[in-house]
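[1] Generate a structure from the sequence data that follows.
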Amino acid sequence: MKPEETVDYNIKVAWHAISRMYNIQAAQNDITTSIGFVLLNIDQENGTPATKIAPLLGLETRSLTRILRSMEEKGLIYKQADSVDKRSVRIFLTDLGLEKKEVSRQTVRHFNLKIREKISQSQLDVFFKVAGQITGMIEGKTLFEDFVLKPLKKDA
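    The predicted model follows:
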């Protein structure tokens, strides 16, 4: 099977193209794509518990910790103990964070509007359905249940 005929290759190539495009836009605004996605997932009024952000983005906790530290250093966020559960920390946006969140929101919105101008709703519906099925199969951890690695044949 050629790489371009595989599902994973096509998803990877598309995501890398999208990621590069977002990184160019983010760099022009002194943030990264990762920071932009985190900003989009922080509640503007109530803040967001730090423990809720990583799962929303599919990130490992270690990666999020590094991103949050960088965001705090850039003055985009601040941390505050949760008023109900003092063990929990909520992440809030600063004024600069709100500004960069709006930049991120407009960038994502623009990308999606441009895609929708060129790709029909029925095609997008199929894409979303297939992507959801693939994600479900992966998260269900059943893809490799019956997989048996075949040993390489050695030349005699």
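[2] Show me what the top helix by length along the chain is packed up against.
    Ranked by residue count under DSSP state H, the longest helix found in the chain is helix 95-118. Helix 95-118 is packed against helix 7-27, helix 33-40, with contacts defined by 3 or more Cβ pairs under 8 Å, 6 or more residues apart in numbering; DSSP states H and E. Quick note: C-beta positions are derived from backbone N, CA and C, even for glycine.
[3] so it versus helix 33-40, what angle?
    Put simply, helix 95-118 runs at 100 degrees to helix 33-40, going by axes from the mean of the first three to the mean of the last three Cα atoms, to 10 degrees.
[4] buried ones in helix 95-118?
    Neighbour-count burial for helix 95-118 flags 97, 100-101, 103-104, 107 (criterion: 16 or more other Cβ atoms under 10 Å).
[5] got these as CSV, with distance to residue 137 columns?
    Conversion of these to CSV gives the following (distance: Cβ to Cβ, whole Å):
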residue, distance to residue 137
97, 36
100, 35
101, 33
103, 35
104, 30
107, 30
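[6] how about residue 31, secondary structure?
    Counting by DSSP: H, G, I helix; E, B strand; the rest coil, the backbone at residue 31 sits in coil.
[7] ok, so what distance separates it from residue 100?
    5 Å (Cβ to Cβ, to the nearest Å).
[8] and for these two, which residues touch both?
    Shared contacts of residue 31 and residue 100, defined by Cβ atoms under 8 Å, 6 or more residues apart in numbering, comprise 39, 76.
[9] Run through the residues that contact the spatially most central residue of the chain.
    Centroid-nearest residue in the chain, with Cα atoms, centre = their mean: residue 57, separated by 4.5 Å. For residue 57, the contact set (Cβ under 8 Å, 6+ apart) comprises 37-38, 41, 64.
[10] Write a ChimeraX command that selects only the buried members of those residues.
    Those of these that count as buried under 16+ other Cβ under 10 Å are selected in ChimeraX with:
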select :37,38,64
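[11] a markdown table for the contacts of residue 57, including pLDDT and distance to residue 133?
    Putting the contacts of residue 57 into a markdown table (pLDDT from 0 to 100; distance: Cβ to Cβ, whole Å) gives the following:
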| residue | pLDDT | distance to residue 133 |
| --- | --- | --- |
| 37 | 94 | 23 |
| 38 | 96 | 28 |
| 41 | 95 | 24 |
| 64 | 90 | 27 |
